[in-house]
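K.L.:
here is my input; please provide its structure:
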Amino acid sequence: MPHFRPRRAVVALAALSLLALGTVPALAEPAPHPVTVGQAPAAGRVSAIEDEAARSLATALTDPALRERLRSTTAAGSGPAALAPLAAAVPGSAARGLAEAAERADRGIATAKGLGAGLGPLLRVQLADPSMRAALDAGVAPLVATAATDEHARTVRAYDTAGRAYALETGSVPARPVYLVDLDTAKTLTAGVELLQRELRARGVDAASTDGAATAQAAGGWWGTKITSVRVNDDEEPWFKGAAEMFALVSGFGQDGKVRVDSVAMPYLQYDGTTYYPNQILVNWSSYKYNLADVVLMEDDGDTNYLALAQAVAAVLLTIADQGAYIPLVNAVLGALPESWWTDDPDYVESWYTLARTSSGQLNGARGNGWMTVEPYYVQQF
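P.N.:
Sure, this is the predicted structure:
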């Protein structure tokens, strides 16, 4: 993204209360009152790691060189900056300590999401809103917060250079500059979808390549279903949201009669209230026995553990046998999701039952949270 935009949520599930900090003043003035956060409820592992990284960054900003590097690196139009490399490029003990902490956090997040080592920097930092630039350039001391996944939260936690915590009201953009630490979910989405495919295949569930176009080729070509436009709904536009990406699980019965799940990355689908025109192949029908399939749309909100998802989905779908007629699999996939994904995290977004090879036009989601327009598309083999 060229600069931080409010990340609109794409789900209508009950939201997790990120901070139980009590009633506190909005952080609308340069000198807010610190609050005690020791009684805050435990967050997910990724959220906790991000929160600690935000505190580490805040305390490291006592270093003028690091503070200036961060200010210039996150200038308007430059987009988010990877935290570990940014800190590593600044001499001095404070920056070195921050770089080491950020690298540990990157490894911890990869582990929490079920991903292997070697992904590189995952945490990044950006100015929360372009309107804060003037105050930052004028020398107002910034706070550091995490880009919360709960768009319904009334406050988010931020830290100053002494490591003290503040509750920022989410209803309005703070006048004091705020840096946001969030996750590069585009990178974790790509790695996660690849892991999902490998793990499903290893557990006996047929699975195809990450772009949804199966490797199997029908003679001369194959019929697919193409998404011409897609949109998800919500009515929130908080300033503190971080970016998130979407992926779809397409399920049906393969040519061998076994359940198959194809994971389709949809990284462009970032904001609600926006219609996207991806012209993306969603289903390769040459991979399916019947002319029907189901689609579950999900969001990687940061805490998504792809290994756990693959294990849960495979354990349920492997109990379903082909009985000579199409059996909808949406309920089976939804039933396999960890309970926390229904009660705490915005992982499940929308679902479509019985998508047919001949389906065309607008298809409304089963839970009323989105729609997509599709059309049959023939992929000609060279």
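
K.L.:
ok, residue 316 - contacts?
P.N.:
For residue 316, the contacting residues are 332-333, 335-336, by CB atoms under 8 Å, 6 or more residues apart in numbering. All C-beta atoms are positioned from the backbone trio N, CA, C, and that covers glycine.

K.L.:
just the buried ones out of these, please.
P.N.:
332-333, 336 (16 or more other CB atoms under 10 Å).

K.L.:
filter the residues you listed down to the ones in helices?
P.N.:
332-333, 336 (DSSP state H).

K.L.:
kindly indicate which of these lies nearest residue 166.
P.N.:
Here the nearest of those to residue 166, counting by CB to CB, is residue 336; it sits at 39.7 Å.

K.L.:
sec struct for residue 375, please.
P.N.:
Of the three states, residue 375 takes strand under DSSP: H, G, I helix; E, B strand; the rest coil.

K.L.:
which SS class is residue 283?
P.N.:
strand.

K.L.:
do residue 136 as well
P.N.:
Under three-state DSSP, residue 136 falls in the helix class.

K.L.:
kindly provide the distance from it to residue 129.
P.N.:
As for residue 136, its distance to residue 129 is 11 Å (criterion: CB to CB, to the nearest Å).

K.L.:
do residue 319 as well
P.N.:
From residue 319 to residue 129 the distance is 49 Å (CB to CB).

K.L.:
more neighbours, these two?
P.N.:
residue 129 (18 against 9; other CB atoms under 10 Å).

K.L.:
please identify the helix or strand for residue 379.
P.N.:
According to DSSP states H and E, residue 379 maps onto strand 370-380.

K.L.:
coming back round to it: so among the ones in helices among the buried ones among the contacts of residue 316, where is pLDDT lowest?
P.N.:
Taking these together, the minimum pLDDT is found at residue 336 (77).

K.L.:
correct me if wrong: that residue contacts residue 313.
P.N.:
Yes. Counting by CB atoms under 8 Å, residue 336 does reach residue 313; the two are 4.7 Å apart.

K.L.:
which of the three states applies to residue 158?
P.N.:
strand.

K.L.:
now residue 56
P.N.:
Secondary structure of residue 56, per three-state DSSP, is helix.

K.L.:
give the contact list for it.
P.N.:
Contacts of residue 56 (CB under 8 Å, 6+ apart): 97-98, 101-102.

K.L.:
can you select the buried ones among those residues for me in ChimeraX?
P.N.:
Filtering the contacts of residue 56 down to the buried ones (16+ other CB under 10 Å) takes a single ChimeraX command:
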select :98,101,102
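
K.L.:
among the contacts of residue 56, which ones are in helices?
P.N.:
97-98, 101-102.

K.L.:
can you put these in a markdown table and add distance to residue 147?
P.N.:
Formatted as a markdown table, those follow (distance: CB to CB, whole Å):
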| residue | distance to residue 147 |
| --- | --- |
| 97 | 23 |
| 98 | 18 |
| 101 | 18 |
| 102 | 15 |
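
K.L.:
name the nearest of those residues relative to residue 323.
P.N.:
residue 102 (52.2 Å).

K.L.:
wait, isn't the closest one in contact with residue 121?
P.N.:
Yes. Counting by CB under 8 Å, residue 102 touches residue 121, with 7.4 Å between them.

K.L.:
pLDDT weak spots in the protein?
P.N.:
Residue ranges of the chain with pLDDT under 70: 1-43, 76-78, 148-151, 208-219, 234-238, 242-244, 301, 338-346.

K.L.:
that one: helices as residue ranges?
P.N.:
45-60, 64-73, 83-88, 93-112, 133-137, 185-202, 306-317, 330-336, 340-343.

K.L.:
nearest to residue 269, of the ones you listed?
P.N.:
Per CB to CB, nearest to residue 269 of the helices of the chain: helix 185-202, 10.6 Å.

K.L.:
so which bits of the closest one are buried?
P.N.:
185-197, 199-201.

K.L.:
can you tell me the number of residues neighbouring the residue lying closest to residue 290 once chain neighbours are set aside?
P.N.:
Leaving aside its chain neighbours, residue 290 sits nearest to residue 326 (4.4 Å; criterion: CB to CB, 6 or more residues apart in numbering). Using other CB under 10 Å, residue 326 has 18 other residues around it.

K.L.:
which neighbours do residue 102 and residue 121 share?
P.N.:
83-84.

K.L.:
how many residues are close by the residue lying closest to residue 232 once chain neighbours are set aside?
P.N.:
Leaving out its chain neighbours, the residue that sits closest to residue 232 by CB to CB, 6+ apart is residue 370, at 3.8 Å. By the criterion of other CB under 10 Å, residue 370 has 25 neighbours.

K.L.:
next up, the contacts around residue 370.
P.N.:
Per CB under 8 Å, 6+ apart, neighbours of residue 370: 10, 230-233, 297, 349-350, 364.

K.L.:
which of those residues fall within strands?
P.N.:
Those of these mapping onto strands are 230-232, 297, 349-350, 364, per DSSP state E.

K.L.:
check contacts around the nearest residue to residue 309 once chain neighbours are set aside.
P.N.:
Excluding the flanking residues, the one nearest residue 309 by CB to CB, 6+ apart is residue 196, at 6.4 Å. Neighbouring residues of residue 196 by CB under 8 Å, 6+ apart: 207, 263, 306, 309-310.

K.L.:
please apply the same query to residue 229.
P.N.:
Applying CB under 8 Å, 6+ apart to residue 229 gives the contacts 275-278, 372-373.

K.L.:
show the buried residues in the contacts of residue 370.
P.N.:
Looks like these have 10, 230-233, 297, 349-350 buried, using 16+ other CB under 10 Å.
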